[in-house]
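> below is the structure, and that's it, no one-letter string:
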């Protein structure tokens, strides 16, 4: 996944930043520790996963939306998949989606913004020679005129862990979940997500059980 400029904040597309799309009446996620509204990070169209396997886009697989508390970074266990400091929502197919109303913050409130500073559109780059994400990252960034800052992550595939393997099991069927997306922090201070400083995030899903998990490592 590489940076493809900006796009509309409510675009029905895989992107970082902007506003999340969800079924009507959906509430903005709140942190289980501080009770404040979480920051919206990214939206992933699951239909795009067919691109990773060279199958082309599919239809009707829904949308994944990623949120993380940034009201007091490091104090709400926002890197943990089950601590309540982050949330990943798996929504039904896109036709039923609309922007979630953005919560208003008081001017005197010290909470962090609930939206990233800019929206990043995503382009997909396939590698026929790389054995894994790390090698694909190095090969793409080494070409003239390119910068690793424009690499936003990978769609599907196998996670490239920075620490130990934390692949989750589905809480419903107990099967190992599949990686939906691995995210880099972002290309600059306006688009960047806070994964502890040069960290990476991982979102997994079990689509038949409509379960999803989000975590990050640094």
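Yep, that arrived. None of the values given here were measured: they were computed from a predicted structure. Residues are numbered from 1 along each chain as shown.
> tell me which stretches of the chain form strands.
In the chain, the segments counted as strands under DSSP state E are 2-3, 15-16, 21-23, 39-45, 63-68, 86-91, 97-99, 120-123, 153-155, 178-183, 200-206, 211-217.
> relative to residue 211, how far out is residue 90?
Computed as CB to CB, to the nearest Å, the residue 90 to residue 211 distance reads 7 Å. C-betas here are computed from N, CA, C, even on glycine.
> same thing with residue 81?
Look at residue 81 and residue 211: by CB to CB, they are 11 Å apart.
> one more: residue 205?
Shown here: residue 205 relative to residue 211, a distance of 7 Å by CB to CB.
> hmm, back to that, give me the common contacts of residue 90 and residue 211.
residue 205 (CB atoms under 8 Å, 6 or more residues apart in numbering).
> which residue is nearest the middle of the protein?
Geometric centre of the chain, nearest residue: residue 42, 4.3 Å, by CA atoms, centre = their mean.
> so that one makes contact with residue 20?
No: no contact is recorded between residue 42 and residue 20 when judged using CB atoms under 8 Å, the distance being 9.1 Å.
> now do the shared contacts for those two.
Among the neighbours of residue 42, those also in contact with residue 20 (CB under 8 Å, 6+ apart) are residue 65.
> low-confidence ranges in the protein?
51-59, 94-95, 106-112 (pLDDT under 70).
> stretch 93-102: how far from the chain's middle?
Computed by CA atoms, centre = their mean, to the nearest Å, the chain-centroid distance of stretch 93-102 equals 17 Å.
> how about the spatially closest residue to residue 190 that is not a sequence neighbour, what does it touch?
Setting aside the residues directly before and after it, residue 190 is nearest to residue 117 in space (CB to CB, 6 or more residues apart in numbering), at 3.6 Å. With contacts defined as CB under 8 Å, 6+ apart, residue 117 is in contact with 17, 189, 190, 191.
> farthest pair within the residues you listed?
17 and 189 (12.6 Å; CB to CB).
> which one of those two is surrounded by more residues?
residue 17 (24 against 8; other CB atoms under 10 Å).
> that one and residue 70, how far apart?
Residue 17 sits 13 Å away from residue 70, taking CB to CB as the criterion.
> residue 19 too?
Distance of residue 19 to residue 70, computed by CB to CB: 16 Å.
> and what of residue 130?
Counting by CB to CB, the gap between residue 130 and residue 70 amounts to 33 Å.
> in terms of neighbours, single out the busier of the two.
Shown here are residue 130 and residue 70; by other CB under 10 Å, residue 70 has more neighbours (23 against 14).
> surely that one and residue 40 touch.
No: with contact defined as CB under 8 Å, residue 70 does not count as touching residue 40 (10.3 Å).
> what bridges to the residue nearest to residue 7 when sequence neighbours are not counted?
Of all residues not flanking residue 7 in the chain, residue 121 sits nearest, at 4.0 Å (CB to CB, 6+ apart). With DSSP bridges as the criterion, the beta-bridge partners of residue 121 are residue 15.
> measure residue 121 to residue 133 for me?
Following CB to CB, the distance that separates residue 121 from residue 133 is 20 Å.
> again with residue 34
From residue 34 over to residue 133 (counting by CB to CB), the distance is 33 Å.
> more crowded one of those two?
Using other CB under 10 Å, the more surrounded residue of residue 34 and residue 133 is residue 133, with 19 against 16.
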